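[1] need the 3D shape of this:
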Amino acid sequence: MTYQQGGSRYLETQVVSSSPEQLIPLLYQHLLVNLKKADEQIRANDIEGKAESLQKASAIVFELLSSLDMEKGGEIAARLASLYSYFTRRISEVGRTLDVTIIQELVELVGSLHESWLEVASRQEEGQP
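    Predicted coordinates for the structure are as follows:
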């Protein structure tokens, strides 16, 4: 088994064993990892690696979008859907232009969402609303 296969199995185990409150921050975490890898790969002129990292980032954004409950989530879900659509467009733009400033923008936005979800998950574990 290669390191990459082991990492994929570990991620799969994390996803399967996570509660919904834990899953969203986990997805954000892996989105950040792939965006940062794409940034490094662009700077190193690793076009194949960049394409793979951006493809993984896009798949994670799709998963985040698919996880939204538009009925229960109301306005917040609608805003997140709009933001995730924006992420998808910007990731595609990075693939075409190799503009790392777009990645930096996405890392800041996703990082902020990640921190917010960690706080929500922590409150729910403590029984706070």
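
[2] and M70, what does it touch?
    Taking C-beta atoms under 8 Å, 6 or more residues apart in numbering, we find M70 in contact with 77-78, 81. Every residue, glycine included, has its C-beta placed from N, CA and C.

[3] apply 10 Å and report the result again.
    M70 is in contact with 77-78, 80-81, counting by C-beta atoms under 10 Å, 6 or more residues apart in numbering.

[4] please tell me how far Q124 sits from W117.
    Relative to W117, Q124 is positioned 10 Å away (C-beta to C-beta, to the nearest Å).

[5] let me fix that, I meant to ask about S58.
    Between S58 and W117 the distance is 20 Å, computed by C-beta to C-beta.

[6] buried stuff in the helix or strand where T101 lies?
    Element membership for T101, per DSSP states H and E: helix 100-125. For helix 100-125, the neighbour count (16 or more other C-beta atoms under 10 Å) marks 102-103, 106-107, 110, 113-114, 117-118, 121 as buried.

[7] again with stretch 56-63
    Neighbour counts over stretch 56-63 (16+ other C-beta under 10 Å) mark 56-58, 60-61, 63 as buried.

[8] between those, which sits nearest S92?
    The closest of the buried residues of stretch 56-63 to S92 turns out to be S58 (C-beta to C-beta; 7.6 Å).

[9] what's the neighbour count on the residue lying closest to that closest one once chain neighbours are set aside?
    In space, and not counting its chain neighbours, S58 is closest to I91: 5.3 Å by C-beta to C-beta, 6 or more residues apart in numbering. Close neighbours of I91, defined as other C-beta atoms under 10 Å, add up to 23.
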